[in-house]
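# Please work out how this folds:
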Amino acid sequence: PSAPPPVTPAPEAPPPVTDVSTAPVESTPWTLRWRTRPLTLPARVVRVDASLGLDRSVVTLGATRIATSSLAPWLRVGAGYGVSSVVELGITTSPLRIEAGAQFQDVAAYARFRFVHGERFDLGAQIAAGYLHPERFAGSFAALLRWRFESVRLDVSPSVDLYAGATNVVDLRVPVDIWWQLSNDFALGLRTGIIAPGFTDARLGIIAGARAVYSLGRGDAPFMDLFVSFDAEPLVHFSGTIFRDDFVIVQLGAQAHFGP
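You can find the predicted model right below:
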């Protein structure tokens, strides 16, 4: 009998085609969206910030203003560094207004820690220490809480602020910030909260303010935040004087982020 015809091997199947539209994308430390940012800087990312501001104090007795200070301009510069994804260190010069609520005059350093980070909630803490001229020191211990919703971010950062020098003072501050993410690179915010000076004094400060942030850059490259803010902090007396200070701050500045 004749030999069977040789069997031709089937051609090799082509390699599977990867659908690039659904392939996983490596996460990047840069996030322009204000609402989605964590409490601490990403690892090895540097933030450099500078701002110009004006402040004014008004002293009021009853319903009558008895003294008004002139507008006082100031310049503030500072920097932060992400030691890891959960630890941030930084320093700021006069006058300092840390996000957690501490207010110093000359120079201060801070350490921020993030314990919990989720899609909806962050939990952290911040410790700050500063020097006030002349020969006065200040410290702040703050809890940092952040909630994220569809287009809204809520920050609550209660702090205990200690001032030591000729007189020792301990204040409680509870600022509350609510932000609306109006676009990928623009957000508006409102600030409220309370200040309890000295804990035992018959006084209560009311925090009120507004702010806006616009981010310049791409999600995978260094970027800059431009911001403007306005804050007023009238201090109400429940015995004797009705108001002490109507403290007003206007600030315009920028924060640049650099990293790997």
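# Does residue 110 have any beta-bridge partners, and if so which?
In this entry, residue 110 is beta-bridged to residue 90, residue 128, by DSSP bridges.
# Would you check how far apart it and residue 127 are?
7 Å (CB to CB, to the nearest Å). Glycine gets a C-beta too; all of them are placed from N, C-alpha and C.
# Give me the common contacts of these two.
residue 140 (CB atoms under 8 Å, 6 or more residues apart in numbering).
# Among these two, which residue is more densely surrounded?
The residue with more neighbours, out of residue 110 and residue 127, is residue 110; 23 against 16, by other CB atoms under 10 Å.
# Could you pull up the residues touching that one?
89-92, 98, 126-129, 140.
# for the stretch 1-150 of the chain, what are the low-confidence residue spans?
1-30, 57-72, 94-106, 133-135 (pLDDT under 70).
# what's the neighbour count on residue 188?
14.
# Following the host helix or strand of it in sequence, what is the next regular element?
For residue 188, the host element (DSSP states H and E) is strand 186-197. Later in the chain than strand 186-197, the nearest helix or strand by DSSP H and E is strand 203-216.
# I'd like the mean pLDDT over that next one, please.
In this model, strand 203-216 has a mean pLDDT of 87.
# what does it rub up against?
32, 34, 173, 175-177, 185-197, 223-238, 244, 249.
# Toward the C-terminus, what is the element adjacent to that strand?
Immediately after strand 203-216, counting by DSSP H and E, sits strand 223-237.
# just to revisit the earlier point, tell me the angle the strand holding residue 188 makes with strand 203-216.
Relative orientation of strand 186-197 and strand 203-216, computed by axes from the mean of the first three to the mean of the last three CA atoms, to 10 degrees: 160 degrees.
# Run the angle between strand 186-197 and strand 223-237 for me.
30 degrees.
# in the helix or strand residue 173 falls within, what counts as buried?
Secondary-structure element containing residue 173, defined by DSSP H and E: strand 169-183. By neighbour count with 16 or more other CB atoms under 10 Å, strand 169-183 contains the buried residues 171-179, 181.
# Distance to residue 161 added to those, as JSON lines?
Output for these, formatted as JSON lines (distance: CB to CB, whole Å):
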{"residue": "171", "distance to residue 161": "5"}
{"residue": "172", "distance to residue 161": "8"}
{"residue": "173", "distance to residue 161": "6"}
{"residue": "174", "distance to residue 161": "11"}
{"residue": "175", "distance to residue 161": "12"}
{"residue": "176", "distance to residue 161": "16"}
{"residue": "177", "distance to residue 161": "18"}
{"residue": "178", "distance to residue 161": "22"}
{"residue": "179", "distance to residue 161": "24"}
{"residue": "181", "distance to residue 161": "30"}
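# In the residues you listed, which has the lowest confidence score?
Lowest confidence among the buried residues of strand 169-183: residue 171, with 85.
# which stretches of the stretch 151-260 of the chain aren't confidently modelled?
Short version for the stretch 151-260 of the chain, where the test is pLDDT under 70: 199-203, 218-221, 234-247.
# ok, the contacts of residue 110 vs residue 51, which is closest?
Residue 51 has its nearest neighbour among the contacts of residue 110 in residue 92, at 9.9 Å by CB to CB.
# residues contacting the closest one?
Neighbours of residue 92 in contact, by CB under 8 Å, 6+ apart: 49, 76-79, 98, 107-110.
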